[in-house]
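> sequence-free structure coming up:
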């Protein structure tokens, strides 16, 4: 309305559907802009648990080293268990008792 002449300047027709569509569109745009702002700017480094690129790389290297150390410890434990079984005489492996036929060398007394 124009305040001087009290004449209608603009008229809006609103229905429930148009209000719902308008609010839904504005909500989707607001969420999209917020996600884009966080994803494509350095603001993402302020999110707890996100960290920096260098810290994530260092964490991956530590995980790889830890896994290899755990594997090495497992192999050493298996080796020590085998040694203990052999020393105690409780091995479950069968021993080779076949006699070897080795040729004897002729010793010359010259």
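That came in fine, so what should we check first? This is a predicted model, so every value here is computed, not measured. Residues are numbered from 1 along each chain as shown.
> low-confidence ranges in the chain?
92-95, 106-110 (pLDDT under 70).
> now the helices for it?
Assigned helices in the chain, in chain order: 16-39, 53-88 (criterion: DSSP state H).
> TSV please, covering these and showing distance to residue 101.
C-betas here are computed from N, CA, C, even on glycine. Converted to TSV, these look like this (distance: least, Cβ to Cβ, whole Å):
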stretch	distance to residue 101
helix 16-39	77
helix 53-88	27
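> can you redo the ones you listed as a markdown table with distance to residue 7 and mean neighbour count?
Formatted as a markdown table, the helices of the chain follow (distance: least, Cβ to Cβ, whole Å; neighbours: other Cβ atoms under 10 Å):
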| stretch | distance to residue 7 | mean neighbour count |
| --- | --- | --- |
| helix 16-39 | 25 | 10 |
| helix 53-88 | 62 | 10 |
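> show me how the record splits the protein into domains.
Structurally, the chain divides into domains by automatic domain parsing as follows: 1-47, 52-89.
> contact partners for the residue nearest to the spatial centre of the chain?
Residue closest to the average C-alpha location in the chain (Cα atoms, centre = their mean): residue 60, at 8.2 Å. Going by Cβ atoms under 8 Å, 6 or more residues apart in numbering, residue 60 touches no other residue.
> so which of the helices of the chain is nearest residue 96?
helix 53-88 (14.5 Å; Cβ to Cβ).
> so how far is the closest one from its chain's centroid?
Taking Cα atoms, centre = their mean, to the nearest Å, one finds the center of helix 53-88 at 19 Å from the center of the full chain.
> please apply the same query to stretch 4-11.
The chain centroid and the centroid of stretch 4-11 are separated by 63 Å under Cα atoms, centre = their mean.
> name the residues that touch that stretch?
For stretch 4-11, contacts defined as Cβ under 8 Å, 6+ apart pick out 1-2.
> got the end-to-end distance for it?
Distance across stretch 4-11, first residue to last, is 17 Å (Cα to Cα, to the nearest Å).
> now stretch 45-54
End-to-end distance (Cα to Cα), stretch 45-54: 12 Å.
> list of residues touching that stretch?
38, 44, 59.
> redo that, cut-off 7 Å
Residues from elsewhere that reach stretch 45-54 (Cβ atoms under 7 Å, 6 or more residues apart in numbering): residue 44.
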